[in-house]
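**Student:** can you look at this prediction? I've put the sequence above it.
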Amino acid sequence: METAIPEHLLNERTQPSSQPPNWHPSAEAFVARYPQKVDQMVMAYFGTQYRDADEPALVQGALVALSETYAAADGPAHVDRAAYTDEAGFYTVLTIAYWDDPIRFDRWFVQARAMWLGEQNLSDEAGFFVEVVRPTTSRFETLFSSNRAEGVANLSERFTGPVAEHAYWGGARDRIPLAQIDPLDSGEPLGVSGDRYRQVVRGQHNLCLIRSGQDWSDTDGDERRMYLEEIEPILRAGMDFLRDDGQSVGCFANRYVQLVDSDGNPVDKTFGMSWWRSLADLDEWARRHPTHLSIFGKAMKYLAALGPKARLRLYHEVTVAAAEQQYFEYLGCHPETGMLRAARKPESNTGTASQR
């Protein structure tokens, strides 16, 4: 059994590990490995929101233009698209793009930002936003129940494992290389600047982002029924709690999204994507809150019943980013969007273009 931390990122630990003595997980899990020459990733979330039942022409055009940039020089190495309805009832299309070279991203982003967040997209019809983190490889971890790549793992060179650091509370922290020597405490609070229509959120040191996904595309029969009727509703309830009341437990924003294909049709994959004040807050919710304990309990019962025959695939990626590794910009978005809700002052809660 391997350690989840790459050999070249191992340090003599000064921060305590949560792994129980002589630990042997009851189920196997794997991690993605990246070329040693890769020392930083970029995870960029491009969102557009609207209220209309039909997708506005403005949004259609922007999504086509964004897609066309992928083939340009320095375009992303991998792209996902997802959709969801947010806490204010806005339908949102989310495009997630990944790079393993921040210099290439910076060159690409100059024109992409002008296309996505330019004044031409300021309209009553829709809002647009970009949320970016660019962690060093010491600041994120992945975990997979299989060797099928999702998200940032599509940029990896291989999977390795099984690994020991999982299936106990605090396992995610033990898999993050920097957490060997750094407590990853949160820094100064978020801040926001701009006007009624365009706002930029200042990052917070050691802000935490998790993308935690489910893939039931290979399931059928009783297993498919069990997941959709017994597991998914409990998962959705937990995601709704984080979306609506997450700030009470340190979750700044949560989205429970369904992946879609190139034509916008939903596929059998979902993920929760949430921003947290700190890894400690995420740890505490996972360890103690009833919503997560319900999810965890149902999942363990499911896996125990099916054993190695289970075809549901689970994964996550957890990032703890330095303040300078974050970028948040919103154009014409409602004030509950993403990091705006956590960053804005109460008295600044005014209407936006997409609310009128």
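**Tutor:** Received the coordinates, thanks. Residues are numbered from 1 along each chain as shown.
**Student:** the closest residue to residue 309 other than its chain neighbours and residue 203: what is the separation?
**Tutor:** Among residues not flanking residue 309 along the chain, residue 223 sits closest, at 7.9 Å (C-beta to C-beta, 6 or more residues apart in numbering). C-beta coordinates here come from the backbone N, C-alpha and C atoms, glycine included. According to C-beta to C-beta, to the nearest Å, residue 223 stands 41 Å off from residue 203.
**Student:** quick one, strands of the stretch 1-150 of the chain?
**Tutor:** Applying DSSP state E, counting those that start in this stretch to the stretch 1-150 of the chain gives strands spanning 31-33, 42-50, 78-85, 91-99, 127-133, 140-144.
**Student:** give me the neighbour count for the residue lying closest to residue 344 once chain neighbours are set aside.
**Tutor:** Counting by C-beta to C-beta, 6+ apart, residue 192 is the residue found nearest to residue 344 once chain neighbours are left out, at 5.2 Å. For residue 192, the neighbour count with other C-beta atoms under 10 Å is 18.
**Student:** residue 312 now?
**Tutor:** 21.
**Student:** my guess is it contacts residue 227, does it?
**Tutor:** Yes - using C-beta atoms under 8 Å, residue 312 is in contact with residue 227, at 5.7 Å.
**Student:** need the overlap of contacts for these two.
**Tutor:** Counting by C-beta atoms under 8 Å, 6 or more residues apart in numbering, the contacts common to residue 312 and residue 227 are 214, 216, 219, 302.
**Student:** and residue 41, what is it in contact with?
**Tutor:** Residue 41 makes contact with 98-100, 134-135, 137, 140, 152, 155, according to C-beta under 8 Å, 6+ apart.
**Student:** then residue 152?
**Tutor:** Contacts of residue 152 (C-beta under 8 Å, 6+ apart): 32, 41, 43, 78, 98, 140, 142, 317.
**Student:** residue 133: what's it in contact with?
**Tutor:** Counting by C-beta under 8 Å, 6+ apart, residue 133 touches 42-43, 207, 209, 319, 321, 325-327.
**Student:** which of the residues in stretch 314-334 are buried?
**Tutor:** Of the residues in stretch 314-334, 314-322, 325-334 count as buried by neighbour count, 16 or more other C-beta atoms under 10 Å.
**Student:** how about the helix or strand of the chain with the lowest mean pLDDT as CSV, C-alpha atoms only?
**Tutor:** Of all helical and strand segments in the chain, the minimum by mean pLDDT, DSSP states H and E falls on helix 290-306, at a mean of 85. What follows is helix 290-306, C-alpha atoms only, in CSV (Å, rounded to 0.1, in the frame of the first residue of the first chain):
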residue,chain,number,x,y,z
PRO,A,290,-25.9,15.5,10.4
THR,A,291,-26.1,16.2,6.7
HIS,A,292,-22.8,14.7,5.9
LEU,A,293,-23.1,11.9,8.4
SER,A,294,-26.3,10.9,6.6
ILE,A,295,-24.5,10.9,3.2
PHE,A,296,-21.6,8.9,4.6
GLY,A,297,-23.8,6.4,6.4
LYS,A,298,-25.9,5.7,3.3
ALA,A,299,-22.8,5.4,1.1
MET,A,300,-21.2,3.0,3.5
LYS,A,301,-24.3,0.9,3.6
TYR,A,302,-24.5,0.9,-0.2
LEU,A,303,-20.8,-0.2,-0.6
ALA,A,304,-21.1,-2.8,2.1
ALA,A,305,-24.1,-4.3,0.4
LEU,A,306,-22.5,-4.5,-3.1
